[in-house]
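Q: sharing a model that was predicted from the sequence below.
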There are 2 protein chains.
Amino acid sequence: MTEHTTRTAEGAPTAADNAPTAAPAVSPAEAFMAESAAMAADSAPEAAAERVWRNLRALVLERNERRKETAEALGMSFFRIKALRRIAAKPSRLSELATELASDRPYLTLVVDDLVKRGLAERHPHPTDRRCKIVSATPAGHAVADRANAILGSPPPALLALPPADLAALDRITAVLTTDG
Amino acid sequence: MTEHTTRTAEGAPTAADNAPTAAPAVSPAEAFMAESAAMAADSAPEAAAERVWRNLRALVLERNERRKETAEALGMSFFRIKALRRIAAKPSRLSELATELASDRPYLTLVVDDLVKRGLAERHPHPTDRRCKIVSATPAGHAVADRANAILGSPPPALLALPPADLAALDRITAVLTTDG
DNA sequence: AGTAATGATTCTGTTTTTACAACCATTGGA
DNA sequence: TCCAATGGTTGTAAAAACAGAATCATTACT
């Protein structure tokens, strides 16, 4: 599990490193062949899942990292952009934002203060609990959040260049992956 | 392009928001039907690509964000972990690391200093250019990088729970997506 | 009513990251 | 050989992020 990686294992995957051995989509027979050998029952699917996960992370985190670009375009730190997008998507209490953004309440008070100063967010009283404050986005805040979403949400060229059948397959599978958890 | 998002557009996608309209993987016929209507030639694939991209980002960035967990487990900031993983994968010059980690040389000098102090990295002279210094990982550095990779590289449960045929399809398609660009 | 718990804020301090100027050693070419 | 360019380091300043204690108003519980 913790065997040493070779020099080229993670950062610069070679051609054989991120590709399945043959064409598992067409005929998943080799999996059973491997299973009939000396391997554990689900070791081959697990290896495939690890390979898929590594490639997905590379696609999202390395090849299409647009945090910096977005932050520069909007003139604020990416954390604030993240907070604003979250607020624009769903007005919430401060503590909710803190937990969902993996931060703490004091810092979010600061961040929301900044967003309010910029005219992008507002604090509203909670309808029933007067301790809470609901943070929501102003029209200007929604506009900025939309600009961020336009940048971050534009699919990479590789995705657009995919054969329609593959894209459709991805569409269906990723929908499944994001519904349950 | 910059139309206002509704309140629930981005942060909390509803069931209809991240799923294709029907079952496009089985029968891509509706795409042509839509095309035969008043839409542009490739607007339906583009919409699918955007939906796929949004779901992929959600999967990697929201549902399986393990930066904090990894940083806490290894006792160093995630940027240092990223640098160490990069160094362990491929010894490089400082300037190379700086550009690939989207940072600058002075800061990487600092970060490498810290990794060296921790006994995880070493500076070696460049074989031909005495200005350069090749930064590589010590055995202890490789061990830590492997621990990070074990955490970050473990696929999410949803991926492991996928039907073998879907996983195989993902395996093939993601390999294509990460080879060219 | 009294008390504990909660939500947000304020305060304080530290670490991390970004950015830029200046510097030294070395290299490559005019 | 001289000079511009490169690679790494040092130094400085500031923003950004993380973390914890303490405070205040409000709420929930007994």
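A: Received, thanks.
Q: so where's chain A uncertain?
A: The model of chain A has pLDDT under 70 over residues A:1-19, A:21-43, A:181.
Q: domains in it, as residue ranges please.
A: Segmentation of chain A into domains, based on automatic domain parsing, reads A:30-64+A:156-179, A:67-153.
Q: in a markdown table: those, plus distance to DNA strand C and mean neighbour count.
A: C-beta: built from backbone N, CA, C; applies to glycine. As requested, the domains of chain A are exported to a markdown table (distance: least, C-beta to the nearest atom of the strand, whole Å; neighbours: other C-beta atoms under 10 Å in any protein chain shown):
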| stretch | distance to DNA strand C | mean neighbour count |
| --- | --- | --- |
| domain A:30-64+A:156-179 | 14 | 17 |
| domain A:67-153 | 3 | 17 |
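Q: okay, those in TSV with distance to B:Arg172 next?
A: Output for those, formatted as TSV (distance: least, C-beta to C-beta, whole Å):
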stretch	distance to B:Arg172
domain A:30-64+A:156-179	8
domain A:67-153	25
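Q: of those domains, which is nearest DNA strand D?
A: DNA strand D sits nearest to domain A:67-153 of all those, at 3.2 Å, using C-beta to the nearest atom of the strand.
Q: so the spatially most central residue of chain A, which state does it fall into?
A: With distances taken as C-alpha atoms, centre = their mean, the residue of chain A nearest its centroid is A:Val60 (7.1 Å). Here A:Val60 is recorded as helix under DSSP: H, G, I helix; E, B strand; the rest coil.
Q: check contacts around it.
A: Contacts for A:Val60 (C-beta atoms under 8 Å, 6 or more residues apart in numbering or on different chains) come out as B:56-57, B:60-61.
Q: one more: A:Met76?
A: Per C-beta under 8 Å, 6+ apart, neighbours of A:Met76: A:84, A:114, A:118.
Q: between these, which is nearest A:Pro20?
A: A:Leu84 (40.1 Å; C-beta to C-beta).
Q: wasn't A:Arg123 part of a helix?
A: No: counting by three-state DSSP, A:Arg123 is not part of a helix but strand.
Q: wait, it sits on A:Thr109?
A: No: in this structure, A:Arg123 is not within contact of A:Thr109 by C-beta atoms under 8 Å, at 10.1 Å.
Q: helices along chain A, start to end?
A: A:29-35, A:43-57, A:67-74, A:78-89, A:94-100, A:105-117, A:139-153, A:157-160, A:164-179 (DSSP state H).
Q: now check the second one, is it near chain B?
A: Yes: for helix A:43-57, a contact with chain B is found by C-beta under 8 Å from any C-beta of the partner chain, at A:45-46, A:48-57.
Q: packing partners of that helix?
A: helix A:29-35, helix B:157-160, helix B:164-179 (3 or more C-beta pairs under 8 Å, 6 or more residues apart in numbering or on different chains; DSSP states H and E).
Q: distance to A:Leu159 for these - can I get that in JSON lines?
A: Converted to JSON lines, these look like this (distance: least, C-beta to C-beta, whole Å):
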{"stretch": "helix A:29-35", "distance to A:Leu159": "27"}
{"stretch": "helix B:157-160", "distance to A:Leu159": "18"}
{"stretch": "helix B:164-179", "distance to A:Leu159": "7"}
